[in-house]
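In: Prediction below, plus the sequence it came from.
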Amino acid sequence: MNLIRSAAWGRRAALAATLLAGAASAASAQRAPKPAKVDKAAELAAYRTDSLALRKIYDEALLRGQSYENLRYLTTTIGPRLSGSPQAQQAVEWGKATMEKAGFDRVYLQEVMVPHWVRGAKEKGEIVGNKGKEIKVPVCALGGSIGTNGKLKAGVVEVKSMDELRQLPEAAVKGKFVFFNRPFDDALIEPGVAYGRAGDQRRTGAIEASKRGAVGALVRSLTSSRDDYPHTGTMSYDPAVPKVPAAALSTNAADQLSLLLKANNDLQFELEMECQTLPDEKSYNVVGEIKGSKFPEEIITVGGHLDSWDLAQGAHDDGTGCVQSMEALRLLRATGFRPERTVRAVLFMNEENGARGGQEYARLAALNKETHVAAIESDGGGFTPRGFNVDSEAGTLAKMAKWSPLLRPYHVDALTPGHGGTDIEPLKATVRPKALIGYDGDSQRYFDLHHTAADTFDKVHKRELELGGAGMASLIYLLSKYGL
């Protein structure tokens, strides 16, 4: 074969090969499997199965629910449960016994060291005019504050923001109480957003006041309600500046003080508090578990925080979240559903003034190399269910949104981007669940009660509470069956 002919054949062969490859490719494309058709019959059957399962959960909750009576015992027999207190320990023992009685596969404690702050005798606050006239007003110490070491009397300077405080001349602040009087923004639809925006004055007010030479901080209670209930809550100190006492005024007292200051900016305020911080105490998270039937190594956590502030019974904050979490597991068992993935109910300790329970749970999850699919928290009160806030990637939320038709008859189908919860947040940095989920109830009344003496059992509506637990159980059913 001569070189010219050989070259021609080579070109023809190459062309033929190209044509054959194209034909093969076309044939292959024709033979490629088409996207599988959705099996409508199977899809409809699954929907019916799931729909019936959720209906059984709700029937059990509404006809034989145990959340309300569990809450009654926790709040009225045990009562306030501030971390480190004897009542907190009683709550741990009650939570463990209650879950054991429910027949969960495993119930155990996770040890955690917690802060131990005590309020002492009831606080006293008085507005003192320049003629010596005294007006007693409702006050309470903020959690973590130091005491006043007797009576502390000083002038008052009112501010609405940290920037306003920083811009005042030194003489206007030094030796006085700084009165932080920024109210809730009532134009906001979600009161939780208003709470977040107003909360810096409670959390860091004492630090900023001390930096300017003030003797103490007075903070308007974080609520839009006008009443005589002062709201406690955690505050903080900076080791770089002297500690000064910090107290909350009820909203009525704050309005009264502001009005009187406008008439007489020389008036004084007298505060007396005996609070103190004691050494840390040993406490526990309480964990109840139902082992998964198919994927036991994959975990779904649901929980609330067992501790509460000491002013009241801690009913909505967060007794309701604890009993709903335990009830969610009980409902699954009572309706005969064996979750495919392991489900845990966790009663976290110390959310209110340290979040150490949530941190320890996350640390142990990482230490044990656990796989967490999702975590759910109920810490917004036991009010009428709305749905769930979801902290996840968009694809995960889209997958969950497909369950909305199943949840819609029960009014828990609102699956929206948002914060999961304080106690489950540390999991994000350790075992990284695909979703952190916050149970979302109607929050319009929540901050009327939050951190006050009014947060009592009688403020909880039985049907609303049981509906919430059923909603959480329903979401767990779907998460366990389908994963994320």
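Out: Received it, and whenever you're ready, just let me know what you need. Numbers count the residues shown, from 1 in each chain.
In: which residues touch Leu257?
Out: 127, 137, 156, 158, 179, 181, 218, 249, 269 (Cβ atoms under 8 Å, 6 or more residues apart in numbering). All C-beta atoms are positioned from the backbone trio N, CA, C, and that covers glycine.
In: let's see 10 Å
Out: By Cβ atoms under 10 Å, 6 or more residues apart in numbering, Leu257 lies in contact with 125, 127, 135, 137, 156, 158, 177, 179, 181, 218, 220, 249, 267, 269.
In: how about the residue nearest to Gly471 when sequence neighbours are not counted, phi and psi?
Out: In this structure, Gly471 finds its nearest non-sequential neighbour in Val412, 3.8 Å apart by Cβ to Cβ, 6 or more residues apart in numbering. Here is the backbone geometry of Val412 (degrees, to the nearest 10): phi -120, psi 30.
In: For Val412, give me its contacts.
Out: 54, 385-388, 404, 406, 439-441, 467-468, 470-472, 474-475.
In: tell me the centre residue of this structure?
Out: Geometric centre of the chain, nearest residue: Gly421, 3.2 Å, by Cα atoms, centre = their mean.
In: where's that residue relative to Ile146, distance?
Out: Distance from Gly421 to Ile146, counting by Cβ to Cβ, to the nearest Å: 30 Å.
In: can I see the domain layout of the protein?
Out: 44-117+278-482, 120-274 (automatic domain parsing).
In: Low-confidence regions, the protein specifically.
Out: For the chain, residues meeting the criterion pLDDT under 70 lie at 1-38.
In: Could you point out the longest strand of it?
Out: Using DSSP state E, we find that the single longest strand of the chain is strand 276-290.
In: After that strand, heading C-terminal, what element do we hit next?
Out: Sequence-wise, the next helix or strand downstream of strand 276-290 (DSSP states H and E) is strand 295-305.
In: follow-up on the earlier one: what separation do you get for the residue nearest to Gly471 and Asp440?
Out: Going from Val412 to Asp440 by Cβ to Cβ gives 8 Å.
In: What of Leu44?
Out: Distance from Leu44 to Asp440, by Cβ to Cβ: 29 Å.
In: Surely Ala46 is in a strand?
Out: No. Counting by DSSP: H, G, I helix; E, B strand; the rest coil, Ala46 falls outside a strand, being helix.
In: list the contacts for it?
Out: So Ala46 contacts 39, 481-482 (Cβ under 10 Å, 6+ apart).
In: Just the buried residues of these.
Out: With burial judged by 16 or more other Cβ atoms under 10 Å, the buried subset of the contacts of Ala46 is Lys481.
In: how about the contacts of Ala46 in TSV, adding distance to Pro191?
Out: Formatted as TSV, the contacts of Ala46 follow (distance: Cβ to Cβ, whole Å):
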residue	distance to Pro191
Asp39	46
Lys481	35
Tyr482	33
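In: Now go through the contacts of Ala46 and say which are in helices.
Out: Counting by DSSP state H, the part of these found in helices is 481-482.
In: Tell me the one among the contacts of Ala46 nearest to Ala398.
Out: Tyr482 (13.3 Å; Cβ to Cβ).
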